[in-house]
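Colleague: Give me a model of this one.
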Amino acid sequence: MTSPLRIGNASGFYGDRFDAVRDMLTGGPLDVLTGDYLAELTMLILGRSRLKDPKRGYASTFLRQLEENLGLARERGVKIVANAGGLNPAGLADAVREMADRTGVPVRVAHVEGDSRPVPDGYLTANAYLGGGGIAACLRAGADVVVTGRVTDAALVTGPAAAHFGWEHDDLDALAGAVVAGHVLECGTQATGGNYAFFDDHDVRRPGFPLAEIHADGSCVITKHDGTGGVVDVGTVTAQLLYETSGARYAGPDVTTRLDTVRLAQEGPDRVRISGVRGEAPPPTLKVGLNRLGGWRNEVVFVLTGLGIEAKARLVREQFADALDRAGSKPAEVRWELVRTDRADAASEETAGALLRLVVRDQDAEAVGRAVSGAAVELALGSYPGFHVTAPPGRGAPYGVFEAAYVPAGEVEHIAVLPDGTRETVPAAGPYREIEDVAEPALPEPLPPGPTRTAPLGHVAGARSGDKGGDANVGLWVWSDDAWRWLAHELTVARFQELLPETAGLTVVRHVLPRLRALNFVVHGLLGEGVAAQARFDPQAKAVGEWLRSRHLPVPLALLDAPEVNA
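Modeller: Numbering: from 1, shown residues only. You can find the predicted model right below:
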């Protein structure tokens, strides 16, 4: 019987905890250590870096981490798989080889390429999301370190698992199980108590990074090294499963994973078993991420203190409009937002203040630069009483736009460059299956009528939210069958939009996942042109779930922990 494959994660984004690689290598046994460095925003950052130096375009932090820990990984027999290659995986592979030679650590280095697509005019980057086949080929050829460009986050797990267990492209259930494991691991400590709705139930001051013990059938146990902080329970795993997903069918280049088949069980302290995952043939197209510079933006935040907040805000807006008219340089987009953080009769100056946020955008850097910053500075001695800003106005900065396109999977050449330099073409995963919506499952019987109390939704439900391009998703789950009976009927799309008025004019789609006791709402267009465009106060929708949990509604008394819930 093949032993489980222990795959750990040491990075959830470019800039994550630097010492996580060493912690994971020294904290307990591992077979493979992965690192996820790429996000939609990261590809834009790397694209701008490559403009300055064509030899760059990869996550340099990974190279520094590897320099400190490559010998340790070699000594312990741990394979390293990371997507840190970004826009230049071949360049990163060469840099790893040079570093290994310099430090005297004999390792075999391979990389995966082929994700780079022709870049349309006006764009910085165009990259297809590849699956795990290239990673698997590199590991089968004996690689100790594999670096990739734009692969799906889950590919960092499906590739090593396929290589270890000998899975083929038609082992759909096993691959789907590995996709779920990869999705849980990909954001690092979000699976071990980080960014967790019920954080105050656990010590999450320094959560350890997660690992998955993957079995030959694709089932796994999510856990962490003994003695590390944080927690792994059904709640933390559910939260991460709902993160940045949409419906029951979770499409990818290796397999379409049925999230409505996932079963979770607490197997022991810090051990959650994932089983029952079913897979279907992947779609015939691959997603391509396109990044471009959308223009220039600037931001000024005015602090309004004490009495007459609305009148002070009105004065600033009128003065600013007049200044721009006189300058003859009004930006194409001018957006004001008054955030009432002030309190009456406040005991500190900070709690007496409100924030008036000005955001301007234009295709012309000059239109958001000196004209805007100059107008803000010149108000300093001639505006509302107590005038000050949170930071000196700057010259403006470029902002990016992320867009998704799709190309036939067969048109993308997926290449594994093996340790000896051999270039192996990875065959496409077909046959394929078009993605179709899953019929909405039957809802549970509603709770019988009974007494209610107005209380925050978060006293009953957990949530996690995130971004996908210009859309946001908000996943909610509950702990008990009775709470599920209530949530499934209470939190309709109409109720969701009522609780979050910002979403009222947008298309909101609700997805029901009974086995997780979860609802997942996708809010189309909430984030405008995506995170890099910074269209709203919370540009990645990270806190939308917590906003929703804070909203009050009638909750059955039977579901509330204590009658003092309103306190």
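
Colleague: How many residues are close by residue 462?
Modeller: Around residue 462 there are 22 other residues, counting by other C-beta atoms under 10 Å. All C-beta spots, glycine's among them, are computed from the backbone N, C-alpha and C.

Colleague: Spell out the secondary structure type for the nearest residue to it once chain neighbours are set aside.
Modeller: Excluding the flanking residues, the one nearest residue 462 by C-beta to C-beta, 6 or more residues apart in numbering is residue 197, at 3.8 Å. Each residue gets one of three states, and residue 197 gets coil by DSSP: H, G, I helix; E, B strand; the rest coil.

Colleague: number of nearby residues for residue 197?
Modeller: Neighbours around residue 197, by other C-beta under 10 Å: 19.

Colleague: What are the boundaries of the strands in the stretch 201-350 of the chain?
Modeller: Residue ranges of the strands in the stretch 201-350 of the chain, as given by DSSP state E, counting those that start in this stretch, are 210-214, 220-224, 249-250, 256-258, 263-268, 271-275, 278-280, 285-305, 333-339.

Colleague: Buried deepest among these, which one?
Modeller: Stretch with highest mean neighbour count among the strands of the stretch 201-350 of the chain: strand 210-214 (a mean of 28; mean count of other C-beta atoms under 10 Å).

Colleague: contacting residues around it?
Modeller: By C-beta atoms under 8 Å, 6 or more residues apart in numbering, the surrounding residues in contact with strand 210-214 are 4-9, 24, 30, 157, 161, 164, 177-178, 181, 184-185, 188-189, 191-192, 220-225, 232.

Colleague: There's contact between residue 109 and residue 143 in this structure, I believe.
Modeller: Yes: between residue 109 and residue 143 there is a contact under C-beta atoms under 8 Å: 6.7 Å.

Colleague: okay, and the common contacts of those two?
Modeller: residue 419.

Colleague: quick one on the thing from earlier: can you put the strands of the stretch 201-350 of the chain in a markdown table and add distance to residue 80 and mean pLDDT?
Modeller: Output for these, formatted as a markdown table (distance: least, C-beta to C-beta, whole Å; pLDDT from 0 to 100):
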| stretch | distance to residue 80 | mean pLDDT |
| --- | --- | --- |
| strand 210-214 | 14 | 98 |
| strand 220-224 | 19 | 98 |
| strand 249-250 | 26 | 97 |
| strand 256-258 | 25 | 98 |
| strand 263-268 | 28 | 98 |
| strand 271-275 | 24 | 98 |
| strand 278-280 | 27 | 98 |
| strand 285-305 | 24 | 95 |
| strand 333-339 | 44 | 95 |
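
Colleague: Out of these, which gets nearest to residue 242?
Modeller: Closest to residue 242 of the strands of the stretch 201-350 of the chain, according to C-beta to C-beta: strand 249-250, at 10.9 Å.

Colleague: Please compute how far that closest one lies from its chain's middle.
Modeller: Relative to its parent chain, strand 249-250 has a centroid offset of 17 Å by C-alpha atoms, centre = their mean, to the nearest Å.

Colleague: which residue lies farthest from the center of this structure?
Modeller: The centre of the chain is farthest from one residue, residue 382, which by C-alpha atoms, centre = their mean lies 43.7 Å away.

Colleague: So what touches stretch 182-191?
Modeller: Counting by C-beta under 8 Å, 6+ apart, 7-13, 16-17, 20, 34, 36, 152-158, 194, 196, 207-212, 222, 230, 232, 236-237, 239-241, 243, 245, 250, 274, 464 sit against stretch 182-191.

Colleague: still on that earlier bit, can you list which of the contacts of strand 210-214 are found in strands?
Modeller: The strands, defined by DSSP state E, take in 5, 6, 7, 8, 9, 220, 221, 222, 223, 224 from those.

Colleague: what's the closest of those residues to residue 479?
Modeller: Once C-beta to C-beta is applied, the member of the ones in strands among the contacts of strand 210-214 that ends up nearest residue 479 is residue 222, at 17.9 Å.

Colleague: Dig out what the closest one forms beta bridges with.
Modeller: residue 212, residue 272 (DSSP bridges).

Colleague: close enough to count as contact, residue 537 and residue 355?
Modeller: No: the pair residue 537 / residue 355 is not scored as a contact, 9.7 Å apart, by C-beta under 8 Å.

Colleague: Have a look at those two and say which one is more surrounded.
Modeller: The residue with more neighbours, out of residue 537 and residue 355, is residue 355; 18 against 11, by other C-beta under 10 Å.

Colleague: got a list of what the residue nearest to residue 462 touches?
Modeller: With C-beta under 8 Å, 6+ apart, residue 197 has these contacts: 235, 239, 458, 462, 463, 464, 545, 546, 549.

Colleague: same thing with residue 546?
Modeller: Contacts of residue 546 by C-beta under 8 Å, 6+ apart are 197, 458, 463, 465.

Colleague: ok, and the most crowded of those?
Modeller: residue 465 (28 neighbours).

Colleague: how about the strands in the stretch 351-500 of the chain?
Modeller: Going by DSSP E, counting those that start in this stretch, the stretch 351-500 of the chain shows strands at 353-362, 388-389, 397-408, 414-417, 423-426, 452-456, 462-468, 471-477.

Colleague: ok, residues contacting the fifth one?
Modeller: When you say that, I think you mean strand 423-426. 114, 133, 134, 137, 141, 413, 414, 415, 416, 417, 418.

Colleague: Any quick ChimeraX command for the buried ones out of those residues?
Modeller: Buried residues among the contacts of strand 423-426 (16 or more other C-beta atoms under 10 Å), as a ChimeraX selection:
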select :114,133,134,137,141,414,415,416,417,418
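
Colleague: ok, back up a step: please convert the strands of the stretch 201-350 of the chain to JSON lines, extending it with distance to residue 389.
Modeller: Listed next are the strands of the stretch 201-350 of the chain as JSON lines, based on distance: least, C-beta to C-beta, whole Å:
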{"stretch": "strand 210-214", "distance to residue 389": "41"}
{"stretch": "strand 220-224", "distance to residue 389": "43"}
{"stretch": "strand 249-250", "distance to residue 389": "44"}
{"stretch": "strand 256-258", "distance to residue 389": "48"}
{"stretch": "strand 263-268", "distance to residue 389": "48"}
{"stretch": "strand 271-275", "distance to residue 389": "47"}
{"stretch": "strand 278-280", "distance to residue 389": "53"}
{"stretch": "strand 285-305", "distance to residue 389": "6"}
{"stretch": "strand 333-339", "distance to residue 389": "14"}
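
Colleague: To residue 532, which of the ones you listed lies closest?
Modeller: Distance to residue 532, taken as C-beta to C-beta, is lowest for strand 285-305 among the strands of the stretch 201-350 of the chain, at 7.4 Å.

Colleague: partners of that closest one, with directions?
Modeller: For strand 285-305, pairing defined by DSSP bridges yields strand 125-128 (antiparallel), strand 353-362 (antiparallel), strand 388-389 (antiparallel), strand 397-408 (antiparallel).

Colleague: residues in contact with the nearest residue to residue 82 once chain neighbours are set aside?
Modeller: Spatially, and ignoring its direct neighbours in sequence, residue 82 is nearest to residue 35 (3.8 Å; C-beta to C-beta, 6+ apart). Residues in contact with residue 35, defined by C-beta under 8 Å, 6+ apart, are 9, 10, 11, 21, 62, 65, 80, 81, 82, 83, 84, 156.

Colleague: Residue 82 versus residue 20, what's the distance?
Modeller: 12 Å (C-beta to C-beta, to the nearest Å).

Colleague: Common neighbours of these two, please.
Modeller: With C-beta under 8 Å, 6+ apart, residue 20 and residue 82 have common neighbours residue 11.
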